[in-house]
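Asker: sequence below, structure please.
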Amino acid sequence: MKIPFKMTNNVKKESKEKIATRASWISWCWHTALKLFITFMFVFSFYAVYLDSKVKDKFEGQRWNIPVQVYGKVDSFKIGDNASLAQLKKNLRLTGYQSKPQVLNPGEFTFSKTTLIVYRRAFDFGNGNTHAERFTINITGNKILSLFNEQGAIESFSFEPYLLGRLVPENKEDRVIVSLQTVPEQLIDTLLLVEDRDFYFHAGVSPLGIFRALVANIRAGRTVQGGSTLTQQLVKNMFLTRDKTLWRKVNEAVMSIILELRYSKDQLLEAYINEVYLGQHYANGIYGFGLAAKFYFGQPIQSLTIEQMAMLVGQVKGPSYYDPWRHPKNAKKRRDLVLRLMYQNELISQKNYQAAVVSPLSIRETRRLVNKKFPAYLQLVKKELAEKLSAFQQQAGVRVFTGFSIRAQMNAEQTIAKHIPELEILNKGESLQLAMVVTDIKSGEVTALVGDKKSGYAGFNRALDAKRPIGSLVKPAIYLAALERYQQYNFATLLSDEPIVLVSDGGKEWRPNNYNGKFEGKVSLHDALVRSLNVPTVNLGMQLGLENIAKIFHLLGYPEDIVTRPSMLLGSLSLSPFEINQLYLSIANQGFKSNSHAIDRIVSAQGETLWQFEAPDEQLFSTQAMYLLDHALSQVTEVGTAKSLTWRLDGAAVAGKTGTTNDQRDSWFIGYDNENLVTTWLGRDDNKPTNLTGSSGALVLFAQFMNKNGVVNKSRLIPENIALTNFESSSGIAVSIECAEMISYPAITTGLLIEPHCLGKKAAEKKKKQSWFEQLFTD
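Answerer: Next comes the predicted model:
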């Protein structure tokens, strides 16, 4: 059938219109899609810029609120230094080193009669990472004769300091930051093997890795590998929430690419090692392999064994499901799987694999991680730290190096634990409390501090916060004021020891007495101090003037105002053990100013020194007066109130002063040898009597601590213008001939008038009443 020509033209016209319409629609779609794409790219670009800014601010700024890491003293040694092989071994064990027949790994040591070989772990001493290194120390007669490392002879070396604890920030995220260089290579290889084999080849997101993980999981019949890259896991942990949404996955992918473009693989791997969540310690999360090594095994990361590394890597997949304390079977099964992967990929030998796979989990007995083994000392650190850094600065991963000595602290705590029960028996079974402060005399570093009789007690710190009357501990300050006035006073100067009555402005009478209730009429200045007589001390203090005594106190380091009243001469002032320790520190340091402190140096996460202690170079008192005071305090421990130390310390040379307050409520003793000053207080929190004096209570603990810690016999050079001088004891006058009653004392010879004949008591009293002009013309 023929189609009319007109109709055909209409069809063609309609077809053209449809084609035009379709083309117009397609064109509109393309244009719209292009506009949408451009809009999307524009919006995405802005969003990518926003994400880039977020990533940069976090990654290059303060990534984490990192705990303050507090370290003890860095012990450095050089050839010729005194050193005990036994003590070095003890210190290494306390720092977590293990004794082995052969030293093959960091954290191990071995020894013979005269040689110590130690493989020091890598550590940042505040001036950059120091790599793990093996040292050989040869010691004979407690002296270091030679030192060697693997390259040959060396002059000096430093031991890794003891980690006291970490001051965890408010967000409860605990970490031990480690650098990539200090992480064992085997741990890094195992982590990449299990979590991201293509880490060094992908650009943040790895489709190949996702596919490989899928195949591996199907073959194993369970999840053995994850599909996310380490970069994605880092983004998820550091920047995003754990919500499983499409938008979070998009953000994760974009931010992963941004990280890969901005930073090196090593930077990202180091951040991951310190960021990954690996467990829960009650309220605190365990983040990073550095802390996880401590949490699970009580070891630094450098000392981990093969099986321990495998278990930690296995924890990445599910710290709760593989918790070795709650689910030990799950944890061991996961660990053994990681070990098998290590063996199959030739990271470990067959022999090592077989030994590791049959080994127990070797985790710590309890999951409680004690970050603050010595809380009393850490309270002092926190107090000083708050004065030097803001709270925000303290969250930036700073490291604090202190003068803390693990040896001195353990000796103090063990002494207290052993002997406090004995002293409580003497106190009729009543409970006692105590405080002890140990300070290095030369540096002023507080090396040990105890604030409670219970070891590890984190409550009220009596060493810092218990203000107690100091009793006779005040007396050396009074006698120092006199000895500085050498033209008026010397050891032979006679002081009145007779009943006295002092009346206050309000009419209140004060009648001081000696401890034994007796009076001797006249006593020498030397005997009054050595025997700690009260009445002569009060008379001397009143002669010198209360304001002058207060000035001596301030010079010694007492910062607060003093209300000057006569009772201060017998120790009515209330000070904490830490405060009175400061006053005696300058006495023990031969009159040179010395500030007691815990913190030596504060170092930023980048190794920059933020604060450094600077020892004052100031002489507060004359060398001659300090020598005489030191001599008298040495006599206290030989023939005075602390004479029991002669047998308690087997004749060792120390100096010190006892202190007892009214009704024996407080028992004090402060003593020192050539290196350490030790302040000990014993009493009751309810302020009831203790039935203990300074010599029967606090002194006993001092002696036991010194025996345990070791005494360095006190010795001092006799300064110029000091000479042993003969005095007539009945008159207190220096004489050049032998008299009936004579005694010899060291004295300042400058301006000292020496009589050529004996005077006798009456003549001395008469001469004393004469003016200096009359004495000049009297034979």
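Asker: going forward, measure contacts between C-alpha atoms and count neighbours the same way
Answerer: Will do.
Asker: got the contact list for the closest residue to Asn82 other than its chain neighbours?
Answerer: Distances taken as C-alpha to C-alpha, 6 or more residues apart in numbering put Lys143 closest to Asn82, at 4.6 Å, once the chain neighbours are dropped. Applying C-alpha atoms under 8 Å, 6 or more residues apart in numbering to Lys143 gives the contacts 79-84.
Asker: tell me what Lys143 is bridged to.
Answerer: Per DSSP bridges, the residues bridged to Lys143 are Asn82, Thr140.
Asker: distance of it relative to His419?
Answerer: Distance, Lys143 to His419, by C-alpha to C-alpha, to the nearest Å: 33 Å.
Asker: cool, Ala477 as well?
Answerer: Distance from Ala477 to His419, by C-alpha to C-alpha: 31 Å.
Asker: out of the two, name the residue with the larger neighbour count.
Answerer: A count of neighbours by other C-alpha atoms under 10 Å puts Ala477 above the other of Ala477 and His419, at 23 against 13.
Asker: from what I see, Ala482 and Phe491 are in contact.
Answerer: No. Between Ala482 and Phe491 there is no contact under C-alpha atoms under 8 Å: 9.7 Å.
Asker: who's in contact with stretch 261-269?
Answerer: With contact meaning C-alpha under 8 Å, 6+ apart, stretch 261-269 is reached by 180, 199-200, 203, 230-231, 234, 259-260.
Asker: if you set the cut-off to 7 Å instead, what comes out?
Answerer: 200, 231 (C-alpha atoms under 7 Å, 6 or more residues apart in numbering).
Asker: what separates it from the chain centre, distance-wise?
Answerer: How far stretch 261-269 lies from its chain's middle: 34 Å, per C-alpha atoms, centre = their mean, to the nearest Å.
Asker: can you give me the end-to-end distance of it?
Answerer: 14 Å.
Asker: for stretch 361-381, list the C-alpha coordinates in CSV.
Answerer: What follows is stretch 361-381, C-alpha atoms only, in CSV (Å, rounded to 0.1, in the frame of the first residue of the first chain):
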residue,chain,number,x,y,z
LEU,A,361,51.2,-15.5,77.7
SER,A,362,53.7,-14.2,80.3
ILE,A,363,51.4,-11.2,81.2
ARG,A,364,51.6,-9.4,84.5
GLU,A,365,49.8,-11.2,87.4
THR,A,366,47.2,-8.4,87.8
ARG,A,367,45.8,-5.9,85.3
ARG,A,368,46.2,-3.1,87.8
LEU,A,369,48.9,-0.8,86.4
VAL,A,370,50.5,1.2,89.2
ASN,A,371,51.6,4.4,87.5
LYS,A,372,52.5,6.0,90.7
LYS,A,373,54.5,3.7,92.9
PHE,A,374,55.8,6.6,94.9
PRO,A,375,52.9,9.0,95.2
ALA,A,376,54.4,11.1,98.0
TYR,A,377,57.3,12.1,95.8
LEU,A,378,55.1,12.6,92.8
GLN,A,379,53.0,15.1,94.9
LEU,A,380,56.2,17.2,95.3
VAL,A,381,56.8,16.9,91.6
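Asker: was I right about Leu629 contacting Ala481?
Answerer: No. With contact defined as C-alpha atoms under 7 Å, Leu629 and Ala481 do not form a contacting pair (10.1 Å).
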